[in-house]
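Q: Make a model of this:
(chains A and B)
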Protein chains: 2
Amino acid sequence: VSTSLYAVILAGGGGTRLWPASRRQRPKQFLPLAPGGHTLLGATVARVLPLTPLDRILVVTAADQAAEVRAALPDLPTANILCEPVARNTAPAITLAAVELKRRGAAESVMAVLPSDHVVTDDGAFRRVLAEAAAAADRYLVTVGIQPTRPETGYGYLELIEGSEGPARPVARFVEKPDLARAREYLAARNYLWNSGMFFFRADRLLAEVERHLPDVAKAVPDRYAAAPSISIDYGVMEKASGIYAVPGDFGWNDVGSWAALADLHPPDPQGNVRVGGDMVAVAASGNLVVGKGLVAMVGVEGLAVVVTEDAVLILPREQAQDVRQVVAELERRGAKTYL
Amino acid sequence: VSTSLYAVILAGGGGTRLWPASRRQRPKQFLPLAPGGHTLLGATVARVLPLTPLDRILVVTAADQAAEVRAALPDLPTANILCEPVARNTAPAITLAAVELKRRGAAESVMAVLPSDHVVTDDGAFRRVLAEAAAAADRYLVTVGIQPTRPETGYGYLELIEGSEGPARPVARFVEKPDLARAREYLAARNYLWNSGMFFFRADRLLAEVERHLPDVAKAVPDRYAAAPSISIDYGVMEKASGIYAVPGDFGWNDVGSWAALADLHPPDPQGNVRVGGDMVAVAASGNLVVGKGLVAMVGVEGLAVVVTEDAVLILPREQAQDVRQVVAELERRGAKTYL
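A: Down below sits the predicted model:
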């Protein structure tokens, strides 16, 4: 384990895919969706703690979510919460953290940039991959790729150079979300990995790459943050830079990118129903996913996703779980802020 | 209007057909399901008040529901709440009221026995029918029959003697709940009416009929109520007595006997969705019935009944609404008293 490893956890995201549980004021990373009922953010920090102490964990978040971060991570030094004045996607957020490390005299440290809203079920395997990626990051820009298990069209992919070896393998290119036919090819080809959104590089290297590929970001962060363009680190830096390496990982990764994805984290009962968080009566009802407190009683329904919160209930076919965005769009159209 | 008319409102019922809104401690008659958000019991009393003053309205209820009755009817004299020590169905409950009238020196009064948990949308028409039934009750045992509008298999029927005339027509027989084929015959025949559960007779006449047909009931009420057999007035008296008359009624009657029946009281939106009590977002969702507070958002589902309460949500196909009893049976099997 590098003594100079910093974890930079990105916790500024919004997102509507887990509505009605996730709301503007309480997005996904603050929801208790991790095993054991922990918040995703809290579980992310707990997962890296054996590798790097709390004072080397930075959390980048939205200014209006800092209180939620403090509540989820009461032991984190307040100075380690970096606030984005406005949301500008991941490139400015990560640059903000790199500038902070430079300010602390740690420009030569490796930053492990981690999303705060994913689930990992094998923490030990995760830490082994993270240690390998951090080691390679002393020389390269490194990412972690997840071995695909299905022809997923919702993720970007990393194409590895065929025949390459080693824990860290050179990346030929970043691939945008594919259509189903291509996703099937990638799954069969074996040298394509899912882009996990985890990145590893030295702070000084990252700052140099940003200077080169995103001068507007370099100029705006940290003094005029709002002037920075909104751009992802994938698109703004990783796809343009050379010398990108990926460490393949297999540690029970799940991005909880939809209610359907959440179901994969919980064993179904003999009728194929998954219940997260409360009681259920299912009469001639199978294949349903039910989330939220209290009792949900179903008769004669199949394959539904049902999410119950204090003031809202969502019901839709489980395989159309991504259509929750249509509900959110309609609420926005109505200006129904209570429910957003 | 007869000056000696008493209304006897039966409010001791339990029932599970509107679970999860109706619970053991708060059955259907106490739910705000009447137009305007009034309780069914409160609306029943308001409906008869133009015909008979509050001091001639008796409410028969279960001992442990007396507090709910007082809350729903704060102006009702406490002495007019008659408590059944245990539930023994309608024959003992009505006998209890008749004994009370006799005790008050009103044995010659006509009792209008009315369920407390039905909806009537045309109160004026209801009162006209009630006045006719009460007038006929000076001589006969009278009931009100509802002109069928569909081949309903969930109700008992009254067969009228064909060719009879008048506001009150002689009843040939009471008919048990028919199968669909018979229900269709009854609908076509025009001399069959739905049994509404409303009965009209003089108190002394009722007591004489109970003495004759239900001597065990007559003996037990009111001193040893628990010793009375549990038997309905229909089966115990009306089907056995002679000289039964029925007044056909058409006043927007709905027994709210299921969630599906509740839907008939509310206009659907252009997508055929009915929303009672809260907000709704329906995307490619039609023909659903949604009851309860808060927001219910649906995508791509059809013909569901969804009922949301503080601690429980029910979801089932609208046309299987009666299957809620299977949920209640399962909860009873589990001993899940919180939800019952």
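
Q: In the stretch 201-340 of chain A, mark out all the helices, start to finish.
A: A:203-213, A:215-220, A:233, A:259-263, A:324-334 (DSSP state H, counting those that start in this stretch).

Q: Turn those into CSV, including mean neighbour count, mean pLDDT and distance to residue A:77.
A: The C-beta positions use only the backbone N, C-alpha and C, and glycine is treated the same way. Converted to CSV, the helices of the stretch 201-340 of chain A look like this (neighbours: other CB atoms under 10 Å in any protein chain shown; pLDDT from 0 to 100; distance: least, CB to CB, whole Å):
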stretch, mean neighbour count, mean pLDDT, distance to residue A:77
helix A:203-213, 20, 98, 18
helix A:215-220, 17, 97, 26
helix A:233, 27, 96, 25
helix A:259-263, 21, 93, 32
helix A:324-334, 17, 97, 35
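
Q: Minimum distance to chain B: which of the ones you listed has it?
A: Comparison of those against chain B by CB to the nearest CB identifies helix A:324-334 as nearest, at 4.3 Å.

Q: Which part of the stretch 101-250 of chain A gets nearest to chain B, residue-wise?
A: Counting by CB to the nearest CB, the stretch 101-250 of chain A gets nearest to chain B through residue A:154 (17.6 Å).

Q: Spell out which residues of chain A are next to chain B.
A: A:20, A:279, A:281, A:283, A:294-301, A:304, A:306, A:308, A:310-317, A:320, A:323-324, A:326-327, A:330-331, A:336, A:339 (CB under 8 Å from any CB of the partner chain).

Q: What sits closest to the residue in the stretch 1-150 of chain A that chain B sits nearest to if chain neighbours are left out?
A: Using CB to the nearest CB, residue A:20 is the residue of the stretch 1-150 of chain A that sits closest to chain B, at 7.1 Å. Among residues not flanking residue A:20 along the chain, residue A:312 sits closest, at 3.9 Å (CB to CB, 6 or more residues apart in numbering or on different chains).

Q: State whether that neighbour and residue B:292 are indeed in contact, as I suppose.
A: No - applying CB atoms under 8 Å as the test, residue A:312 and residue B:292 come out as separate, 11.3 Å apart.

Q: Neighbour count: these two, which is higher?
A: Using other CB atoms under 10 Å in any protein chain shown, the more surrounded residue of residue A:312 and residue B:292 is residue A:312, with 24 against 20.

Q: ok, that one - contacts?
A: Listed by CB atoms under 8 Å, 6 or more residues apart in numbering or on different chains, the contact set of residue A:312 reads A:20, A:339, B:294, B:295, B:296, B:297.

Q: what's near enough to touch residue A:127?
A: A:47, A:48, A:50, A:51.

Q: again, 7 Å this time
A: Each residue near residue A:127 by CB atoms under 7 Å, 6 or more residues apart in numbering or on different chains is listed here: A:50, A:51.

Q: where does it land on pLDDT?
A: Note on residue A:127: pLDDT of 98.

Q: May I ask which helix or strand encompasses it?
A: helix A:123-136 (DSSP states H and E).

Q: Check which residues of that helix are buried.
A: A:123, A:126, A:127, A:129, A:130, A:131, A:132, A:133, A:134, A:135, A:136 (16 or more other CB atoms under 10 Å in any protein chain shown).

Q: Would you convert those residues into JSON lines that also reports distance to residue B:150?
A: Output for the buried residues of helix A:123-136, formatted as JSON lines (distance: CB to CB, whole Å):
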{"residue": "A:123", "distance to residue B:150": "61"}
{"residue": "A:126", "distance to residue B:150": "62"}
{"residue": "A:127", "distance to residue B:150": "67"}
{"residue": "A:129", "distance to residue B:150": "65"}
{"residue": "A:130", "distance to residue B:150": "67"}
{"residue": "A:131", "distance to residue B:150": "71"}
{"residue": "A:132", "distance to residue B:150": "71"}
{"residue": "A:133", "distance to residue B:150": "69"}
{"residue": "A:134", "distance to residue B:150": "72"}
{"residue": "A:135", "distance to residue B:150": "76"}
{"residue": "A:136", "distance to residue B:150": "74"}
